[in-house]
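Asks: sequence and predicted model, in that order:
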Amino acid sequence: MKKIAGVVVIALLALWLSGCQQTGSQEVSDLKAKVAVLETKVSNIEKKIDELTQKIEEMAQTKAGKKSSKKSGGTTGSTKKNLPPLKKK
Amino acid sequence: MLRRLVIFSGVVLVALFVFSGCTSEETEVLPPENLQYAVTSDGSGLSLTWDAVTDADGYRVYVDDDLIYEGTSTSYTVTNVGKEIGVSAYKGNLESDRVTINVAPVSSDITIYERSSTGYSAMGWNSDGVAVSYSLLDTANYPNFHIYLDDFTPNQVVPAQIHFVAPSYNSQGDAFNDIETGFKVALTSNLDSITIADPVGSGYVSPYTQDPLVVNTVYHIWIDTQPYGELNTGDHFAKVKVLSIGTDGAVQLQCVYQRISMLRWLPTP
């Protein structure tokens, strides 16, 4: 009788522990997913910063280009002979 | 006494097992169905929608295997440039297979010739996204022209004066079609560094490139269909690098073309 009782108690304990382990691993999985989302968001912010930095550099280059074009009396497509003026869009 | 203790312990353990959240194990979660997409009005992203999955805790959206969204919504707008978008459903630690949308651009090389040279002078991207060359005399394929080459010097080949030209303009006759392709020089010679075409209204020029083609120059290309000057269904984007310009007027191009209308994403495949 004692042996049976012992086996039943141990079996139930094992079942309970395995269930809790499952719950715990699910929580870990959820946390990992959340960390992945945060990592991606940080990565996106870094990309945006890179893009903005590039844009600023491009704008600076364009500004410098316009100045030198003015100085040298730069030409545009509209001055090409017999061609329609360029349309910007 | 011992028997009562055993029974009591059993009851307590059973109660713990039942009420402590240790649920029975699920074996499968079905993937979302009816995944639809629409390009955002500025061409920078894709709005996704899908049908809800019964019993799912939520959904995950991936771009090229990167998880970018997890939540309960059945819609999401993706602005991260990528080649494949995937959506899955999850329940607990189970996740369904992903349903995917292929948004990868198509890469192809082509050689076309200045219009006074021997060889085909026009090109267009077919429905598979592959660049195809056409003769300027091939009237049946006029609707498929997207770009052709002209140095605006009839009966001569002047390699230093070759321009990309939109087929909506023909310096020697009627227009080939009504596509007013726009061209914009990129401030890089590295084709791979461009992952998204510049937006409309940012300085594309048409109907020809402002300056003659130069080797290693990279262009943003906007296939602009009517109505002109705004982004609408039928418009497409590409990036093109000039690899070489021959003395015979042969121009070798490396092209990357986005098949999805209006979408500006151009990561090199």
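Replies: Yes, it's here.
Asks: only C-alpha atoms for contact and neighbour calcs from this point on.
Replies: Noted.
Asks: surely A:Glu27 is in a helix?
Replies: Yes. Assessed with DSSP: H, G, I helix; E, B strand; the rest coil, A:Glu27 lies in a helix.
Asks: for it, give its distance to A:Lys34.
Replies: Applying C-alpha to C-alpha, to the nearest Å, the value for A:Glu27 to A:Lys34 is 11 Å.
Asks: ok, now B:Thr100?
Replies: Distance from B:Thr100 to A:Lys34, by C-alpha to C-alpha: 22 Å.
Asks: equivalent analysis for B:Leu48, please.
Replies: Relative to A:Lys34, and taking C-alpha to C-alpha, B:Leu48 is found at 21 Å.
Asks: higher neighbour count, those two?
Replies: B:Leu48 (18 against 15; other C-alpha atoms under 10 Å in any protein chain shown).
Asks: just say helix, strand or coil for that one.
Replies: Per three-state DSSP, B:Leu48 ends up strand.
Asks: now swap in B:Val61 and tell me
Replies: strand.
Asks: next, count neighbours for the closest residue in space to it that isn't next to it in sequence.
Replies: Using C-alpha to C-alpha, 6 or more residues apart in numbering or on different chains and skipping residues adjacent in sequence, the residue nearest B:Val61 is B:Val87, 4.6 Å away. If you count neighbours by other C-alpha under 10 Å, B:Val87 ends up with 27.
Asks: next one: the one 10 residues further on
Replies: Other residues lying near B:Asp97 total 15 when counted by other C-alpha under 10 Å.
Asks: what's the answer for the one 4 residues further on, then?
Replies: The local packing count at B:Ile101 equals 15, with neighbours defined by other C-alpha under 10 Å.
Asks: what's the answer for the one 10 residues further on, then?
Replies: Number of residues near B:Thr111 (other C-alpha under 10 Å) recorded here: 22.
Asks: so who does the nearest residue to B:Asp57 once chain neighbours are set aside touch?
Replies: Here the nearest residue to B:Asp57 in space, its sequence neighbours aside, is B:Lys91; by C-alpha to C-alpha, 6+ apart that works out to 4.8 Å. Neighbouring residues of B:Lys91 by C-alpha atoms under 8 Å, 6 or more residues apart in numbering or on different chains: B:Val29, B:Asp55, B:Ala56, B:Asp57, B:Gly58.
Asks: just to revisit the earlier point, quick one: which helix or strand includes the residue nearest to B:Val61?
Replies: Per DSSP states H and E: B:Val87 is located in strand B:84-91.
Asks: next secondary structure after that strand?
Replies: Trace forward from strand B:84-91 with DSSP H and E and the next one is strand B:94-95.
Asks: could you point out which element follows that following strand?
Replies: Using DSSP H and E, the helix or strand that follows strand B:94-95 in sequence is strand B:99-102.
Asks: low pLDDT regions in chain B?
Replies: B:1-26 (pLDDT under 70).
Asks: longest strand of it?
Replies: strand B:236-245 (DSSP state E).
Asks: what lines up beside the helix or strand following that one in the sheet?
Replies: Toward the C-terminus, strand B:236-245 is succeeded by strand B:250-257 as the next helix or strand (DSSP H and E). Taking DSSP bridges as the criterion, strand B:250-257 forms sheet pairs with strand B:106-113 (antiparallel), strand B:236-245 (antiparallel).
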